[in-house]
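S.K.: Sequence and computational prediction follow.
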Amino acid sequence: MASIYERVLGEDFAKLHPQIRKRFGFGSADQMASIGRGVMEQVWYGKWFTLPFLALGTWRNILFPQRGQEVPFTIENYAYQDSFGRETVTWIRTYHFPDRVRRFDATMIYSENKRKIIDYLGTHQHLAVEIDMSVAENGGMRLRSGEQFFYEGRVGFRFPMIFSGYADVCEWYDEETEKFRIDVQVNNKFFGPLFGYRGSFEVEYISMDGREIPQHVKPLREERRE
């Protein structure tokens, strides 16, 4: 079975660097996981008025108001089928700052209705973000966020972008250093740069054959309205 990312890119998936194809090419049937460990050269946030927005995100492990350099981090990608039978991939990022540990949680699914990736952010999948994917010139994977929707109980609405930001992400493989590199920038069209980070990491692929997906990477609540 093709991974959720291959389903989106179709024939263009073959244009990715082989290491990127491997990292984005597995699903639940493959019984494997990708665990990345590395260093964020820089984690940054925008001007002072972005702090309340970022602080609110810490409530559900969505962004955070903290800066740093040379910050150790891990990224955990597990593929599984959620309670609705959807192919799901976890994106659990953990940043080890000197004074505290921060997390940025997300789970990605393929929406049959929209024919694209939906990125559910946070521990309770409150925020659903439509993702456009393409192949970067360097053979990396480029992700750009689009429409966002907020869900809580029976309440659901398109999230006003004046209170959020558009993310531009590129992940690629650096053959010279033999490491993966990542660059993320989140911007608001009214207030400018909100948050971002860049760094490098190495990946270990582990077998999940006969093993359960760790509970700490799964959302505490799953949402189906995409």
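M.R.: All right, it came through fine. Numbers count the residues shown, from 1 in each chain.
S.K.: got the contact list for Phe195?
M.R.: Listed by Cβ atoms under 8 Å, 6 or more residues apart in numbering, the contact partners of Phe195 are Trp44, Tyr45, Gly46, Thr50, Leu54, Leu63, Gly165, Val186. For glycine as for every other residue, the C-beta is placed from the backbone atoms N, C-alpha and C.
S.K.: Where does it sit: helix, strand or coil?
M.R.: Assigned state for Phe195: strand (three-state reduction, DSSP: H, G, I helix; E, B strand; the rest coil).
S.K.: Could you pull up phi and psi at the residue nearest to it when sequence neighbours are not counted?
M.R.: Spatial nearest neighbour of Phe195, excluding adjacent residues (Cβ to Cβ, 6 or more residues apart in numbering): Val186 at 4.5 Å. Backbone torsions of Val186, given as degrees, to the nearest 10, read phi -120, psi 120.
S.K.: hey, what's Val186 bridged with?
M.R.: Ala167, Phe195 (DSSP bridges).
S.K.: so can I have JSON lines of the contacts of Phe195 showing neighbour count?
M.R.: Shown next, in JSON lines, are these (neighbours: other Cβ atoms under 10 Å):
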{"residue": "Trp44", "neighbour count": "16"}
{"residue": "Tyr45", "neighbour count": "20"}
{"residue": "Gly46", "neighbour count": "19"}
{"residue": "Thr50", "neighbour count": "20"}
{"residue": "Leu54", "neighbour count": "18"}
{"residue": "Leu63", "neighbour count": "22"}
{"residue": "Gly165", "neighbour count": "25"}
{"residue": "Val186", "neighbour count": "21"}
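S.K.: circling back to that earlier point, and the residue nearest to Phe195, what's its pLDDT?
M.R.: Note on Val186: pLDDT of 94.
S.K.: just checking, it touches Ala167?
M.R.: Yes - taking Cβ atoms under 8 Å as the definition, Val186 is a contact partner of Ala167 at 4.8 Å.
S.K.: re the thing from before, and the residue nearest to Phe195, what does it touch?
M.R.: Taking Cβ under 8 Å, 6+ apart, we find Val186 in contact with Leu63, Gly165, Tyr166, Ala167, Asp168, Pro193, Leu194, Phe195, Gly196.
S.K.: which one among those residues gets closest to Ala2?
M.R.: Nearest to Ala2 among the contacts of Val186, counting by Cβ to Cβ, is Ala167 at 24.4 Å.
S.K.: what bridges to the spatially most central residue of the chain?
M.R.: For the chain, Trp91 is the residue whose C-alpha lies nearest the centre (Cα atoms, centre = their mean; 4.8 Å). With DSSP bridges as the criterion, Trp91 is bridged to Ala106.
S.K.: Tell me the strands beside the host helix or strand of Phe150, with direction?
M.R.: Phe150 belongs to strand 141-152 when elements are defined using DSSP states H and E. Partners of strand 141-152 in the sheet, by DSSP bridges, are strand 127-135 (antiparallel), strand 155-158 (antiparallel), strand 166-174 (antiparallel).
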